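Peer 1: Give the three-dimensional model of this entry:
(one chain, ligands or ions: 1)
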Amino acid sequence: MNSAQNAPLSPKLTPNMGLKHRNTFGFEVSAELAYEITAADQLPLLIADIKKNKMPWRILGGGSNVILPASLPGATLLMNILDQEIIQSDDSNTYISVGAGVNWHEFVSWTLEHNVPGLENLALIPGTVGAAPIQNIGAYGAEVADFIDSIEAFDTQTHAFATLPKEACQFAYRDSYFKQHPQQYIVTRVVFKIPKAWEPRIHYADLAKQFIDHKVRPSAQDIFKAVCAIRTHKLPDPKVIGNAGSFFQNPVVPNAQFETLQLQFPELVSYPDQTGMRKLAAGWLIDQCGFKGKTMGSVGVYQNQALVLVNHGGGTAKDILELAQSIQEKVQKVFGVQLEIEPNIL
Ligand code: EPU
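Peer 2: Here you go, the predicted structure:
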């Protein structure tokens, strides 16, 4: 066997790469060294090299859940492993193996085209398949964790590839082992396990409203279209107005604190939480503080959804974080609740 033929291709390197179009806030960002990762086997040598040179590094997927500074020193790894394949199908489940760089929404569309319903509630979420498990993306009553079989990743501590079963990923609301231990694993592939027994999930209020007059049970395609319509209406298109979706997590508070707040604010929007606590709608809290549609220099709060901060053009990470801080302070003062920022601040 000719070993040269089997050696992994080095990742493409671009020095001083502009990332304005690779972060959905549309911030002007320059990466000192940008490496395009197209195959998992490029990682061992590259990470060894980065560590040997004591370079700072980070992984960038779709750039839809990050707040990037104007300049990124060291190595920025652009995840671009692009393949997807149904690897197994039994009586109960369909298993699909997907490269970390695949666009999430395109993958959801692809599953429906291949008659594998299940992911339709998660349509139109920006970002990549590899980033989806990190913050356990969720919308309209579903979370990606519900459909994950295992994750393939490169462990930068042991320098070995690992397959993590779902149970090892510690998934919770917008949380996972990967989020808690940044830079330990580089996710290269996600294996999905999609149950064949399909039921429409339309209990989420916004979605239920869309089907109120329907006499027949909606199909996965109907739900997909409805979710796309709601998101298009409520959330700004990053190609038009820079944003990173929900900027804050919905805060989870003890029931006693919720009950006290509800006495004072009877309109308070909240949901029971999986952990037995109470999840408050951060968008409602921010809206009540009068921030919706407000601008602060080049950045602001989206007019249709107070949970989304936007870059109107020319804004920076510093501007967004200043606005976020004033929102956090006001919400803390009025409601005594601490809002946590959702996207990763690099
Ligand atoms: N609300 C207001 N004013 C606002 C915004 C919201 O009063 O400006 C109220 C709404 O009327 C509603 C409640 O707050 O009663 C909740 O709002 P919404 O249904 O829009 O959902 P959300 O809690 O704001 C979450 C996710 C979204 C996801 C939607 C739908 C988080 C942090 N956000 O938003 O996820 O699409 O539910 O499931 O959990 C994202 O993570 O980037 C994201 C967009």
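
Peer 1: Can you tell me what sits against the helix or strand containing T94?
Peer 2: If you go by DSSP states H and E, T94 is part of strand 93-99. Residues external to strand 93-99 that are found in contact with it (C-beta atoms under 8 Å, 6 or more residues apart in numbering): 81-89, 107, 111, 116, 129-130, 149, 188-196. Using the backbone N, CA and C atoms, a C-beta is placed for each residue, glycine as well.

Peer 1: Over to stretch 16-28?
Peer 2: 29-32, 34, 60, 62-64, 66-68, 70, 72, 76, 78, 126, 238, 242-244, 311, 313, 315-317, 320.

Peer 1: in that stretch, what's buried?
Peer 2: Neighbour counts over stretch 16-28 (16 or more other C-beta atoms under 10 Å) mark 17, 19, 22-27 as buried.

Peer 1: Repeat that for stretch 150-162.
Peer 2: Under the neighbour-count criterion of 16+ other C-beta under 10 Å, stretch 150-162 has 150-154, 156, 161 buried.

Peer 1: before we move on, what about stretch 174-192?
Peer 2: For stretch 174-192, burial by neighbour count (16+ other C-beta under 10 Å) applies to 174-179, 185-192.

Peer 1: again with stretch 70-84
Peer 2: Applying 16+ other C-beta under 10 Å to stretch 70-84 flags 72, 75-82, 84 as buried.

Peer 1: V129 - how many residues pack around it?
Peer 2: V129 has 28 neighbouring residues, counting by other C-beta atoms under 10 Å.

Peer 1: now P11
Peer 2: So P11, with other C-beta under 10 Å, has 19 neighbours.

Peer 1: same thing with G99?
Peer 2: 24.

Peer 1: ditto for the one 5 residues further on
Peer 2: W104 has 25 neighbours, counted by other C-beta under 10 Å.

Peer 1: Kindly report the same for S298.
Peer 2: 16.

Peer 1: The closest residue in space to it that isn't next to it in sequence sits in which helix or strand?
Peer 2: With sequence-adjacent residues excluded and distances taken as C-beta to C-beta, 6 or more residues apart in numbering, S298 is closest to G315, at 3.7 Å. Under DSSP H and E, no helix or strand contains G315.

Peer 1: Please report how far the closest residue to G314 other than its chain neighbours lies from the ligand.
Peer 2: Leaving aside its chain neighbours, G314 sits nearest to S298 (4.5 Å; criterion: C-beta to C-beta, 6+ apart). Between S298 and the ligand the distance, using C-beta to the nearest ligand atom, to the nearest Å, works out to 21 Å.

Peer 1: check contacts around S298.
Peer 2: Residues near S298 by C-beta under 8 Å, 6+ apart: 311-316, 319.

Peer 1: any idea which of the residues you listed is closest to K225?
Peer 2: The shortest gap between K225 and any of the contacts of S298 belongs to N311, at 28.9 Å (C-beta to C-beta).

Peer 1: ok, and for the helix ranked longest in the chain, which residues are buried?
Peer 2: Identified as the longest helix of the chain according to DSSP state H is helix 317-335. Buried positions in helix 317-335, judged by neighbour count with 16+ other C-beta under 10 Å: 317, 319-320, 323-324, 327-328, 330-331, 335.
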